[in-house]
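S.K.: Let's see this in three dimensions:
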Amino acid sequence: MGAQALSKNVLSSFNISGFLSWWGQGLLCCLPSGVRQLFWHETTRLVLEPQGKGVRLHRERGESKEDLGFYNGIERGDERFEGKDKVLVFRLSPEQTLSKPITLPLAAEENLRQVLGFEMERHTPFATNQVYYDFEVIKRSLEAHHLIVRLVVVPRRILDEWLERLSHWGLQPAIVDVMGTGPGRINLLPDEKRSSRSKALPRINMALSLLLMVFTGAALLFPLWQERSVVIDLMSKVSAAQEKAEAVIAIRQRLEKAIEASEFLVEEKEQYPSAVEFLYELTRILPDGIWLQQLDFTRGKIKVRGEATEASALIPILEASPYFQDVQFRSPVTTNARTGRDRFYITAQLPKLESLPL
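M.R.: Residues are numbered from 1 along each chain as shown. All right, here's what the predicted structure looks like:
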């Protein structure tokens, strides 16, 4: 069961789409630029960054970035905005937004936007109707059953003011993101202002190239899938061997503890006089007329209970012997009305053998 669960977690945590995307981009980078254009058309992103009452323009295409200067809407029909396949991006600064990582249960991923809307007031100083927000999943943990999400919010008044200004200039951004976030990860543009047409390029060669990458990836993964049963079988055998090894280790630890306990008891017993020795000493020093009802000896301490003609005289008698130390009554002395004797309960500490006279 452990091997199957591990295999399931590994397969479920393997992001096939992300792997194919990375692998496909690596293949495209190896092709000449002319051939690469047949399979992939890089979209030009025209980025508007707020600067005073206007915006700073940048043209981004792949890894390249070009500064196009300042624009404040005075000159309409600016040639910098002309051309096909340009995506207009309005980019906010981090000071205009709030970004916060949030940990949520893994089950919340199915309705992540709704869950973040409900949690908005708990994690930000704003209500849901006061902000535009978006998110990106940073990490998924199958073992801990949670995921970490980066929540990005912008007050509506800030974004609405800029969108109204851009609309007055005849500009309608398709994406609103934040400096420092990767392209395509965050889009704070309200849903009602987004274009209904897809931003993906609907080209046959693009579809064919993706299909080719899927088939190639499947061909690479199929041998691994065939070896899956072998790996699971080996993992189950390793797990069984590990359980046996752990059982042997546990037995060895219990045996070592039992040996240590027995050695401790033997050492403890050898430190004090034997029961025969202190019984002999008691019979030697106690006067006649003493009746012992109970005698306990535990770890160097004795407890004596009985009756005597004069119980108070027993304390100095026992203290005079080198075999008894710290002699004292455990309870008050009482008188037996039937016999007239004193009832006593005395405790004393036995000294260790090394302190006794030879």
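S.K.: Got phi/psi on residue 336?
M.R.: phi -80, psi 110 (degrees, to the nearest 10).
S.K.: my guess is it meets residue 307, correct?
M.R.: Yes: in this structure residue 336 lies within contact range of residue 307 using C-beta atoms under 8 Å: 6.1 Å. Every residue, glycine included, has its C-beta placed from N, CA and C.
S.K.: Check the contact lists of these two and give me the overlap.
M.R.: 342-343 (C-beta atoms under 8 Å, 6 or more residues apart in numbering).
S.K.: more crowded one of these two?
M.R.: The neighbour comparison of residue 336 against residue 307 (other C-beta atoms under 10 Å) goes to residue 307, with 19 against 11.
S.K.: Check which helix or strand the more buried one maps to.
M.R.: Assigned by DSSP states H and E, residue 307 belongs to strand 301-308.
S.K.: Kindly export that strand (C-alpha atoms) in PDB.
M.R.: Provided in PDB are the C-alpha atoms of strand 301-308 (Å, rounded to 0.1, in the frame of the first residue of the first chain):
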ATOM      1  CA  LYS A 301      14.600   1.900  53.200                       C
ATOM      2  CA  ILE A 302      12.800  -0.200  55.900                       C
ATOM      3  CA  LYS A 303       9.400   0.300  57.400                       C
ATOM      4  CA  VAL A 304       8.700  -1.400  60.800                       C
ATOM      5  CA  ARG A 305       5.200  -1.600  62.200                       C
ATOM      6  CA  GLY A 306       4.300  -3.300  65.500                       C
ATOM      7  CA  GLU A 307       3.700  -2.900  69.300                       C
ATOM      8  CA  ALA A 308       6.100  -2.300  72.200                       C
END
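S.K.: Give me the residues contacting it.
M.R.: Here strand 301-308 has contacts from 278, 282, 289-296, 314, 324, 330, 336, 339, 341-350, using C-beta under 8 Å, 6+ apart.
S.K.: Return the set of buried residues in that strand.
M.R.: 302, 304-308 (16 or more other C-beta atoms under 10 Å).
S.K.: could you point out which element follows it?
M.R.: Immediately after strand 301-308, counting by DSSP H and E, sits helix 314-319.
S.K.: Tell me the spacing between residue 145 and residue 275.
M.R.: As defined by C-beta to C-beta, to the nearest Å, residue 145 lies at a distance of 61 Å from residue 275.
S.K.: right, I mislabeled it, should have said residue 263
M.R.: Distance of residue 263 to residue 275, given as C-beta to C-beta: 21 Å.
S.K.: which strands and helices sit next to the strand or helix carrying residue 214?
M.R.: Residue 214 belongs to helix 204-226 when assigned by DSSP H and E. For helix 204-226, the elements it packs on are helix 16-30, helix 33-39, judged by 3 or more C-beta pairs under 8 Å, 6 or more residues apart in numbering; DSSP states H and E.
S.K.: rerun at 6 Å
M.R.: helix 16-30 (3 or more C-beta pairs under 6 Å, 6 or more residues apart in numbering; DSSP states H and E).
S.K.: picking that back up, let's see the PyMOL selection covering just the buried ones among the contacts of strand 301-308.
M.R.: Per 16+ other C-beta under 10 Å, the buried members of the contacts of strand 301-308 correspond to this PyMOL selection:
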select buried, resi 278+282+290+314+324+341+342+343+344+345+346+347+348+350
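S.K.: Can you name every helix or strand that the lengthiest helix in the chain contacts?
M.R.: If you go by DSSP state H, the chain has its longest helix at helix 228-270. Where contact means 3+ C-beta pairs under 6 Å, 6+ apart, helix 228-270 is packed against helix 2-13.
S.K.: And the residue nearest the centre of the protein?
M.R.: Centroid-nearest residue in the chain: residue 144, 6.3 Å away (criterion: C-alpha atoms, centre = their mean).
S.K.: Which secondary structure state does that one sit in?
M.R.: What DSSP: H, G, I helix; E, B strand; the rest coil gives for residue 144 is coil.
S.K.: Check the spacing between it and residue 137 real quick.
M.R.: 15 Å.
S.K.: likewise residue 97?
M.R.: According to C-beta to C-beta, residue 97 and residue 137 sit 18 Å apart.
S.K.: Those two: which has the busier surroundings?
M.R.: Neighbours were counted for residue 97 and for residue 137 using other C-beta under 10 Å; residue 97 has more, 24 against 13.
S.K.: Now for the closest residue to that one other than its chain neighbours: which residues touch it?
M.R.: Excluding its sequence neighbours, the residue lying closest to residue 97 (C-beta to C-beta, 6 or more residues apart in numbering) is residue 154, at 4.7 Å. By C-beta atoms under 6 Å, 6 or more residues apart in numbering, residue 154 lies in contact with 97, 132, 188.
S.K.: What's the per-residue pLDDT of residue 154 here?
M.R.: Here, the pLDDT recorded for residue 154 equals 93.
S.K.: Quickly list what it is bridged to.
M.R.: residue 132 (DSSP bridges).
S.K.: Can you list the low-confidence ranges for the chain?
M.R.: Along the chain, the parts satisfying pLDDT under 70 run over 1-42, 76-79, 83-85, 195-209, 264-270, 355, 357-358.
S.K.: How is it divided into domains?
M.R.: Domain segmentation of the chain under automatic domain parsing yields 42-200, 227-268, 275-355.
S.K.: Can you lay out those domains as CSV showing distance to residue 212?
M.R.: Shown next, in CSV, are the domains of the chain (distance: least, C-beta to C-beta, whole Å):
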stretch, distance to residue 212
domain 42-200, 17
domain 227-268, 25
domain 275-355, 83
